[in-house]
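>>> Fold the following and give me the result.
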Amino acid sequence: MNLLKITLLSLFLFGCGNSDKGKAYITSQDGGISVIDLNKMELVDSIKAGDYPRGIGVTNDGKYLITANKAGANISVINVATKEIEKNIDVGINPEFVRVYEGQVFVSTEPSSKGKPPSKQAHKEEDEDDEDRTPAKVAVVDIAAGKKVREITAGPETEGIEFSKDGKKIIITNEADNSITIHDFSTGDLLKTFQTEKFGLRPRGIKVSPDGNFYIATLEHSDNFIVLDKDFKHVKTVKTEYSDMGKDLHTGKSPYGVSFNASGDKLFVAASGGYKKRSTLEVYDGKTFERIGRVKTDGRRCWHFTFTPDNKNILLACGRSDEVLVIDSDTLNITKRIPVAGIPWGIVTYPKAIGSLDQAK
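Now for the predicted structure:
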């Protein structure tokens, strides 16, 4: 092999070994967006967002971040390259959960909640339920047009949003009336309602399995999750709360964020409550849904997480301890704690990866 070929091969191998792993974007309720470089697992930048951002999504091309701004009743469309808000679009009272899908933004709203973001003093307490049962809307925004184009009427206090594997249905969890509603993607028409009260209260997270055969919904106030088949029929109820030989009382309470891994052989559930209010990341077999592992985080209110684009790590945002944990997805060991100020809430990556708030492309 001549010198030129050796040089070119060396450059190629060097480039393969040093490819860009991308970035993670984290909303903080008291701040904007924090940026983590996934090559170094370090905080490298911040981006301004709207007032009191929670939900976050990223477009398929990675050019725009979308945040749901609770205090502003709007979403921000943020240019990643310039770090500027290109547009704020009104969507409805208390927007929270964001999904970016097929060039559109789907954002849940909560008109029946108390209507104002908590004060700094109120951050010490978890949000309280409201008895109002006003039907909520999922606002649909066309990104290219820069405006809200329609609304989907769901249950009171909409929370999680998911899409069927074939893209024909939208699945929405509704906290206040303990329901999961299934809608036609094109029209928003209600196709089916699944009442969770028989199995548990306050559905929050919702995730479809990579093969499209299962849906998982976390039931926060009952400390469990349910498994539905592809026709939205109940398959199994799985308790997330348990006691570890009397050592960690009430471990696994208040499950919220949920996601399979990319292969679908494991299911991860972020349980934000437990012994001394310390969160755990519970791990289950992706087919039998038997518990197979657990990450003791020592963090507080760890609600949402994402895999890295290479699927080697999990990034878990812990709002009450102001940090993002880096967890090895194979060993389940915490390898790093990255300080992120301002009560971190949502987290996604680009390139897009599977997680509690997103799906890989």
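
>>> Thr281: what's it in contact with?
Let me fix one detail, which is that residue 281 is Leu and not Thr. 268-271, 294-295, 297, 302, 305, 314, 316, 327, 332 (CB atoms under 8 Å, 6 or more residues apart in numbering). For every residue, glycine as well, the C-beta is placed using N, CA and C.

>>> one more time with 6 Å, if that's ok
268, 270, 295 (CB atoms under 6 Å, 6 or more residues apart in numbering).

>>> One more: Ala139?
91-92, 107, 148, 151.

>>> For the residues you listed, pick the one with the most neighbours.
Within these, most neighbours by other CB atoms under 10 Å means Val107, with 30 neighbours.

>>> I'd guess that residue is in a strand, am I close?
Yes. When classified by DSSP: H, G, I helix; E, B strand; the rest coil, Val107 is found to be part of a strand.

>>> Which positions are bridged to it in the beta structure?
Using DSSP bridges, the bridge partners assigned to Val107 are Val98, Ala139.

>>> Can you show me the helices along the protein?
With DSSP state H as the criterion, the chain has helices at 3-17.

>>> before we move on, the earlier item: now that we have the contacts of Leu281, which one has the most neighbours?
Result: Ala270 is most packed of the contacts of Leu281 (other CB under 10 Å), 30 neighbours.

>>> and the spatially closest residue to Asp189 that is not a sequence neighbour, what pLDDT?
Leaving aside its chain neighbours, Asp189 sits nearest to His183 (6.3 Å; criterion: CB to CB, 6 or more residues apart in numbering). At His183, the pLDDT value in this model is 98.

>>> And His183, how close does it get to Phe106?
Going from His183 to Phe106 by CB to CB, to the nearest Å gives 10 Å.

>>> Where does the prediction get shaky in this structure?
In the predicted model of the chain, residues 1-18, 112-133, 244-250, 275 satisfy pLDDT under 70.

>>> run the last query once more with 90
1-18, 30-31, 109-136, 156-157, 242-251, 273-278, 361 (pLDDT under 90).

>>> Number of residues surrounding the residue nearest to Asp189?
19.

>>> got it, and Val77?
Neighbours of Val77 (other CB under 10 Å): 22.

>>> Present the contacts of Leu281 as JSON lines; the columns should include distance to Lys40.
As requested, the contacts of Leu281 are exported to JSON lines (distance: CB to CB, whole Å):
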{"residue": "Phe268", "distance to Lys40": "24"}
{"residue": "Ala270", "distance to Lys40": "25"}
{"residue": "Val295", "distance to Lys40": "22"}
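
>>> Closest one of those residues to Gly257?
The nearest member of the contacts of Leu281 to Gly257, counting by CB to CB, is Ala270 at 3.9 Å.

>>> From Ile314, how far out is the closest one?
For Ala270 relative to Ile314 (CB to CB), the value is 10 Å.

>>> shared neighbours, those two?
Phe305.

>>> ok so, going back, sort out which one of the contacts of Leu281 lies nearest Ile161 for me.
Ala270 (17.0 Å).

>>> Contacts only, for that closest one.
By CB under 6 Å, 6+ apart, the neighbours of Ala270 are 256-257, 281, 302-303, 305.

>>> Just the buried ones from those residues, in ChimeraX syntax?
To isolate the buried members of these in ChimeraX, using 16 or more other CB atoms under 10 Å:
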select :256,257,281,302,303,305
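
>>> Tell me which of the contacts of Ala270 fall in strands.
In strands, judged by DSSP state E, the following of the contacts of Ala270 are found: 256-257, 281, 302-303, 305.

>>> What about the closest residue to Leu325 other than its chain neighbours, how many residues nearby?
Once flanking residues are discounted, Leu325 sits nearest to Leu316: 4.5 Å by CB to CB, 6+ apart. Other residues near Leu316 come to 28 when the count uses other CB under 10 Å.

>>> got a list of what Leu316 touches?
302, 305, 325.

>>> change it to 10 Å
257, 268, 270, 279, 281, 295, 297, 299, 302-306, 323-327, 334, 344, 347, 355-356 (CB atoms under 10 Å, 6 or more residues apart in numbering).

>>> now do Ala144
103-104.

>>> If we use 8 Å, what do you get?
So Ala144 contacts Gly103 (CB under 8 Å, 6+ apart).

>>> What sits closest to Pro255 if chain neighbours are left out?
Nearest one to Pro255, counting by CB to CB, 6+ apart, is Thr218 at 4.1 Å.

>>> separation between the one you found and Ser272?
As judged by CB to CB, Thr218 and Ser272 stand 10 Å apart.

>>> higher neighbour count, these two?
More neighbours surround Thr218 than the other of Thr218 and Ser272, with 30 against 26 (other CB under 10 Å).

>>> That one touches Val269, doesn't it?
Yes. Between Thr218 and Val269 there is a contact under CB atoms under 8 Å: 6.3 Å.

>>> Give me the common contacts of those two.
Common neighbours of Thr218 and Val269 (CB under 8 Å, 6+ apart) are 205, 225, 240, 255, 257-258.

>>> show me what contacts the residue nearest to Asp189?
152, 154, 169-172, 189-191.

>>> Sounds good, over and out.
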